[in-house]
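Asker: Turn this into a structure:
(4 chains)
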4 protein chains.
Amino acid sequence: MQYDTKGMPFRRLGSSGLRVPLFSLGGWLTIGTTVLGDPVKDLMKTAYEHGINMFDNAETYADGKSELEMGRVIKELGFKRTDIIVTTKLFWGTEYGHNLGGLSRKHIVEGTRASLERLQMDYVDIIFAHRSDPTVPMEEVVRAFSYVVDRGWAFYWGTSEWAADEIEEAHGIAQRLGLHAPVVEQCEHNMLHRERPEKEYAGLYKKYGMGTTAFSCLAFGLLTGKYNDGIPPDSRLAKHQDFSFLKELGDSLGTEGGQLKIGKIKELTALAEKELGCKVGHLALAWVARNPNTSTVIIGASNVEQLLDNLKALEVIPKLTPEVLEKIEGILGNKPVPKPTYGRPSLDAFGRT
Amino acid sequence: MQYDTKGMPFRRLGSSGLRVPLFSLGGWLTIGTTVLGDPVKDLMKTAYEHGINMFDNAETYADGKSELEMGRVIKELGFKRTDIIVTTKLFWGTEYGHNLGGLSRKHIVEGTRASLERLQMDYVDIIFAHRSDPTVPMEEVVRAFSYVVDRGWAFYWGTSEWAADEIEEAHGIAQRLGLHAPVVEQCEHNMLHRERPEKEYAGLYKKYGMGTTAFSCLAFGLLTGKYNDGIPPDSRLAKHQDFSFLKELGDSLGTEGGQLKIGKIKELTALAEKELGCKVGHLALAWVARNPNTSTVIIGASNVEQLLDNLKALEVIPKLTPEVLEKIEGILGNKPVPKPTYGRPSLDAFGRT
Amino acid sequence: MQYDTKGMPFRRLGSSGLRVPLFSLGGWLTIGTTVLGDPVKDLMKTAYEHGINMFDNAETYADGKSELEMGRVIKELGFKRTDIIVTTKLFWGTEYGHNLGGLSRKHIVEGTRASLERLQMDYVDIIFAHRSDPTVPMEEVVRAFSYVVDRGWAFYWGTSEWAADEIEEAHGIAQRLGLHAPVVEQCEHNMLHRERPEKEYAGLYKKYGMGTTAFSCLAFGLLTGKYNDGIPPDSRLAKHQDFSFLKELGDSLGTEGGQLKIGKIKELTALAEKELGCKVGHLALAWVARNPNTSTVIIGASNVEQLLDNLKALEVIPKLTPEVLEKIEGILGNKPVPKPTYGRPSLDAFGRT
Amino acid sequence: MQYDTKGMPFRRLGSSGLRVPLFSLGGWLTIGTTVLGDPVKDLMKTAYEHGINMFDNAETYADGKSELEMGRVIKELGFKRTDIIVTTKLFWGTEYGHNLGGLSRKHIVEGTRASLERLQMDYVDIIFAHRSDPTVPMEEVVRAFSYVVDRGWAFYWGTSEWAADEIEEAHGIAQRLGLHAPVVEQCEHNMLHRERPEKEYAGLYKKYGMGTTAFSCLAFGLLTGKYNDGIPPDSRLAKHQDFSFLKELGDSLGTEGGQLKIGKIKELTALAEKELGCKVGHLALAWVARNPNTSTVIIGASNVEQLLDNLKALEVIPKLTPEVLEKIEGILGNKPVPKPTYGRPSLDAFGRT
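Answerer: Sure, this is the predicted structure:
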């Protein structure tokens, strides 16, 4: 019996039993938005052929059209349901309405059912709370997601961009009431955004075996170096001015802080090209992927070429030796400082505390 | 109203409410592998006519074909679902894939559904975890099997070849969370393999009323005496060299330890033939069956004759008097030593501790 | 029957049953350090006569001498135990040793006993974890403080400068195990330090009725305006160079950021003096005291005059009208932004969400 | 504030908050038996001066006299209670009687009180169940030890030489009932005895953060090489024929298996002396100490010279490079095989599963 992983490494999703590919394909800003019809099929087919059997979506991506497209293509390509991993996320709904979004029990249940219908599936593998909702009691949220799992509509539930205290509260409630606890966080993680995934969550990885599905590992394109000399007219930052955070990001590049970032990216570009023989974007993806707390790196792609190019990051991972990582830290200068504790000098010759 | 069990004794499955026949029919290495088509029907029909209404299977037996065959035959023979007991087991899947085996929630749910489809049934009576999976948190495993029971896909769940500490952990979690605990262990038990079923599990029988469905009671044929003078060319050990453990077993027979075993089997053969008037294989089956912690002895058979021959073991059980059992212990010399405790000489005149 | 609170307002400590004076007296950096002997008695006597019946301490203040002094004076002044509130805190011990600090069960129990001995008391009213300890399982910490309460050594336990996720974890464990949860946070809160007490803790006030005992409300003296023109030689920042954080604070005043702060303080000084007829220090204390989530403002004082001066802040509180508060926000420009949530435009005509 | 650990590394006891020295002093077979009076004081004083502030005992050691001696000496030397760690163990009592040993609630409570009296202390730091007791329901055992902790007679409780399934059962009950779970196992661990501490307990370290206090790290002297050429007349094996397991060990040295062991020890002796410049006994102690799951190595000593000699093992630890460890495995040939799981080829380029 032979199994071809097509060169793709797989990891456990945190301490859960699910195995996920180190790179997965996300629908955000592409599928259902700029990528429609046959190109979606080309993209997902190519992904699958390269070992990417995990597809990430959200009800709000292209207002539901991203799920519609993915569901259609999965059917047309004849993927076996057991052989793929499909995830989606609830929060912003597909259109605005007081009860058409957020994390009320009403929307969690209704939203899950609507997503499954768009995806043409009985269940997703993971359903995420796309944000936290301070206007809903956490017990209501945990009960509702646990209900979704108990109904068989998802195998696991997770959070996305929650604060550590919110995840702690969810775990406390789940443990006390014997409910399903979240097993994974979908979080922004890249060389320029590290505090939350690397410091704020540090205890959660250890205590709860939390997995992560990392997004924006290229910092919305910044880490490809394509904004090193300004914003090109056909780039994401130029085109998606409707997303306020992208507009703000674009505007910020002209500031002193923005130029500081650009400077670092230029240094990283030199490191990548001269010492590692790769593009800085590959380095950026590999750098997140090699973090042992990362379960999967979600990549978005507008076309097959982009997707294949991203996968070259796999070859860079083994090149990230301690020495290279040290150099990267030297350039970035943003390594999170661990939480202090009761000072004990030379506790352990082996570096244990 | 009379109820004809056709001479087959029935026992409770441990302390559960399910009654199982003392002998049951397993599909391993035969059904779907070497036994296909009409002979499967003959085998199961004959078994049923002799009181064997319990059929054991696993997703991995013949990569799903064993379940397909059994399911087809049960339908063709028109067995009433209420009158039979069907079991299956999950772990190795029917083909290899990261999420196509093991004990993740994904595979437990997807695997159960696939097995039921192959068996053409709404539910099995018992679903087993075919092995333990140290890479999945036990809470995920217990929750998933409990979910399977709550969905009505199985009445009970059990373990197979788990270590005692794993079964303890499962019980601790099930009790704490109010979930279904496993009620039965499918374990290897024969005269040459006793430590686990007789010693390691001793506390589990008492504390949790654990039942057992014993397999390999003939030690892969060794205890029929057929390997006493070497490995015959058409025997299981000669033919199944693809199963590494069977190859190793065959190879081991030539060693000093192997010859020691063969010597014991020759002594048991003499005892069976001269004092009990039976074949050594019948003695071996009867010996496991008479153990009060055994719920059922699973027998495999390549044809109807073999099956009927195995059932002669039923007549041997009453002959296993304390004196005969003592002689057997004398030959085997492998009686497990009970766990020691705080030494209390002659605690109790009645032999109680 | 009349009860004379000597003009001091009292509040509940969060949602607990304990009533605390709006101002309380702390021993940090003064009692046992620079204030010793009879002056301690003068200070505490004066405080008490002005309605301050709450005294805050910690094992580490002056390495235990602060507790010794307070305990001695309480005895000498003949305060009735029921009429005063005494608090202490554990973490740094009185001397360094592997098990002489931190939040292990060993130190929580041994440290509490040692503090009570120094204070010459059977119990304190509140015992605080002076910091969090990521090297001790939270369950061990919660169990140990709960034990301290169950032994009668304290009525309540609290945290000091814990992150919100740590407090959440403690509550989750306490609720699940039926243990005493922390009821109060001793946190830095002043016009220049607002994110944690005003934003990070926002959910904790609502969910758990958490109280706060605010310290450093004058930002180590900055908000008295005394550093507006540099560091005077006999000031705290000049004298306590042994405390690295005070040294750093002093050093930072010369930087651009430091001067920005000084600029704001000058504006506040003008506001206080011209519009409110008070010193800026009084305004700063009143501003924290009027926050409804503040239970008590801890003030330190080197002598009776300083103490009495601080108490003038009480008269400023009623002057903090919405208009004045708005002006203060305008000067500070650091009002924490509440956590975003699912966007609901004009959800509620009454400003509710 | 300076703290002198006298060159002794400290580790956390598993994931608990207690810090223990890497080497600790045990009373077994020495203190109260052959070492009495002033020599006990010399021994404990020397130990403390070298950073060993942890002292292990048991009610049964020298039938209570070991605790009496240790208690007396701790008092006479004026050790601060907070600065030392004292442990004892219950099971065999100090004399035989139906209710004078074992793990009944009666003996756990009565035994603890008697030990504390002999030690002249209010509490020990850790109290161990010296063995498991299959004749007492586990719930009774866990409840009783939890009671001992709740009474303040110990900070933690642990097990000694329990099987993994027994420890699992204890955790399941403790979690379900909200009781104190055991945090540490006192287990035999040495180069010749590895299955239990290295394999059977593997899951317990990860799941429960179990610590270990290792004993018999020299295999009752075998690993010092002193029995390489037979049993010297004044050695432990010659003198302690009253301990049946020591007599059996001595007898076994003449067998084929015994000689195989001696052969390995001779090879280890050569490795230690020629490549590491140390005695084989130092190597043996260092080898257990460097195992990250070991919290402390308990050493026994008949006199000050022996104790100081043992401590030379500290210098060997840094010499145990991966290469040297590999050589040791080659000599020992007894490395435990990890539990198998669902086979997943090349799951993860980083060696994660």
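
Asker: Any regions of chain A where pLDDT drops low?
Answerer: A:1-4, A:343-353 (pLDDT under 70).

Asker: Could you pull out the helices in it for me?
Answerer: Counting by DSSP state H, one finds helices in chain A at the ranges A:38-49, A:65-77, A:105-119, A:138-150, A:164-177, A:202-208, A:236-239, A:244-252, A:256-270, A:280-289, A:304-311, A:313-316, A:322-332.

Asker: Could you point out which of these sits nearest C:Phe128?
Answerer: Comparing the helices of chain A by their distance to C:Phe128 (C-beta to C-beta), the top pick is helix A:164-177, with 19.3 Å. Glycine gets a C-beta too; all of them are placed from N, C-alpha and C.

Asker: could the helices of chain A be laid out in a markdown table, adding mean neighbour count?
Answerer: Shown next, in a markdown table, are the helices of chain A (neighbours: other C-beta atoms under 10 Å in any protein chain shown):
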| stretch | mean neighbour count |
| --- | --- |
| helix A:38-49 | 18 |
| helix A:65-77 | 20 |
| helix A:105-119 | 20 |
| helix A:138-150 | 21 |
| helix A:164-177 | 22 |
| helix A:202-208 | 17 |
| helix A:236-239 | 18 |
| helix A:244-252 | 14 |
| helix A:256-270 | 15 |
| helix A:280-289 | 25 |
| helix A:304-311 | 17 |
| helix A:313-316 | 21 |
| helix A:322-332 | 13 |
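
Asker: TSV please, covering these and showing distance to A:Met8.
Answerer: Output for those, formatted as TSV (distance: least, C-beta to C-beta, whole Å):
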stretch	distance to A:Met8
helix A:38-49	10
helix A:65-77	18
helix A:105-119	23
helix A:138-150	27
helix A:164-177	28
helix A:202-208	23
helix A:236-239	26
helix A:244-252	30
helix A:256-270	25
helix A:280-289	11
helix A:304-311	8
helix A:313-316	8
helix A:322-332	23
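
Asker: For chain C, what is the nearest residue in the stretch 151-300 of chain A?
Answerer: Across the stretch 151-300 of chain A, the shortest distance to chain C (C-beta to the nearest C-beta) belongs to A:Gly172, at 1.8 Å.

Asker: Give the full set of residues in contact with A:Ala272.
Answerer: Residues near A:Ala272 by C-beta atoms under 8 Å, 6 or more residues apart in numbering or on different chains: A:Cys278, A:Lys279, A:Val280, A:His282, A:Leu283.

Asker: Would you mind listing the residues in contact with the second one?
Answerer: For A:Lys279, the contact set (C-beta under 8 Å, 6+ apart) comprises A:Thr224, A:Gly225, A:Ala272, A:Glu273, A:Asp309, A:Lys312.

Asker: Flag every residue of chain A that's near chain B.
Answerer: A:1-3, A:5, A:10, A:12, A:15-19, A:81-83, A:85, A:125, A:150, A:152, A:155-156, A:178, A:180, A:209 (C-beta under 8 Å from any C-beta of the partner chain).

Asker: Strands - which of those residues land there?
Answerer: If you go by DSSP state E, these have A:Phe10, A:Arg12, A:Arg19, A:Ile85, A:Asp125, A:Phe155, A:Tyr156 in strands.

Asker: Around the last one, count how many other residues there are.
Answerer: The number of residues packed near A:Tyr156 is 27, by other C-beta atoms under 10 Å in any protein chain shown.

Asker: now swap in the first one and tell me
Answerer: One way to gauge burial is a neighbour count; for A:Phe10, by other C-beta under 10 Å, it gives 27.

Asker: separation between it and D:Ile126?
Answerer: 42 Å (C-beta to C-beta, to the nearest Å).

Asker: Same question for the third one.
Answerer: In this view, A:Arg19 and D:Ile126 are 40 Å apart by C-beta to C-beta.

Asker: which ones are touching the residue of the stretch 1-150 of chain A found nearest chain B?
Answerer: Residue of the stretch 1-150 of chain A nearest chain B, by C-beta to the nearest C-beta: A:Gly17 (2.8 Å). Counting by C-beta under 8 Å, 6+ apart, A:Gly17 makes contact with B:Gly102, B:Leu103, B:Ser104, B:Arg105, B:Lys106, B:His107, B:Asp133, B:Thr135, B:Val136, B:Pro137, B:Glu140, B:Val141.

Asker: Turn the ones in strands among the residues of chain A next to chain B into CSV, including distance to chain C.
Answerer: Output for these, formatted as CSV (distance: C-beta to the nearest C-beta, whole Å):
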residue, distance to chain C
A:Phe10, 30
A:Arg12, 23
A:Arg19, 29
A:Ile85, 27
A:Asp125, 25
A:Phe155, 24
A:Tyr156, 20
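
Asker: can you tell me the residue of the stretch 201-350 of chain A closest to chain C?
Answerer: For the stretch 201-350 of chain A, C-beta to the nearest C-beta, closest residue to chain C: A:Tyr342, 3.8 Å.

Asker: Name the nearest residue to A:Leu222, sequence neighbours excluded.
Answerer: Among residues not flanking A:Leu222 along the chain, A:Ile265 sits closest, at 6.3 Å (C-beta to C-beta, 6 or more residues apart in numbering or on different chains).

Asker: Can you name the residues that contact that neighbour?
Answerer: Counting by C-beta under 8 Å, 6+ apart, A:Ile265 has contacts A:Leu222, A:Leu223, A:Gly225, A:Asn228, A:Val280.

Asker: thinking again about what came up before, could you verify my assumption that the residue of the stretch 201-350 of chain A closest to chain C touches C:Phe91?
Answerer: Yes. In terms of C-beta atoms under 8 Å, A:Tyr342 counts as a neighbour of C:Phe91; the distance is 6.5 Å.

Asker: Now do stretch A:135-144: distance to the chain's middle.
Answerer: Chain-centre distance of stretch A:135-144: 23 Å, with C-alpha atoms, centre = their mean, to the nearest Å.

Asker: next one: stretch A:298-313
Answerer: On the basis of C-alpha atoms, centre = their mean, stretch A:298-313 sits 15 Å off its chain's mean C-alpha point.

Asker: circling back to that earlier point, how far away is the residue of the stretch 201-350 of chain A closest to chain C from C:Asn99?
Answerer: In terms of C-beta to C-beta, A:Tyr342 sits 10 Å off from C:Asn99.

Asker: Ok, A:Met44 next?
Answerer: 58 Å.

Asker: do the same with A:Val184
Answerer: Taken as C-beta to C-beta, the span from A:Val184 to C:Asn99 is 37 Å.

Asker: now do A:Gly101
Answerer: 51 Å.

Asker: Who are the contact partners of A:Val141?
Answerer: With contact taken as C-beta under 8 Å, 6+ apart, A:Val141 is in contact with A:Leu103, A:Ile108, A:Ala129, A:Asp133, A:Ala170.

Asker: for A:Ser146, that is, sorry about that
Answerer: A:Ser146 neighbours (C-beta under 8 Å, 6+ apart): A:Trp157, A:Ala174, A:Leu179, A:His180.

Asker: how about the residue nearest to A:Ser302 when sequence neighbours are not counted, what does it touch?
Answerer: Among residues not flanking A:Ser302 along the chain, A:Thr30 sits closest, at 5.4 Å (C-beta to C-beta, 6+ apart). For A:Thr30, the contact set (C-beta under 8 Å, 6+ apart) comprises A:Gly300, A:Ala301, A:Ser302.

Asker: Out of those residues, which is nearest to C:Tyr48?
Answerer: Using C-beta to C-beta, A:Gly300 is the member of the contacts of A:Thr30 that lies nearest C:Tyr48, at 66.3 Å.
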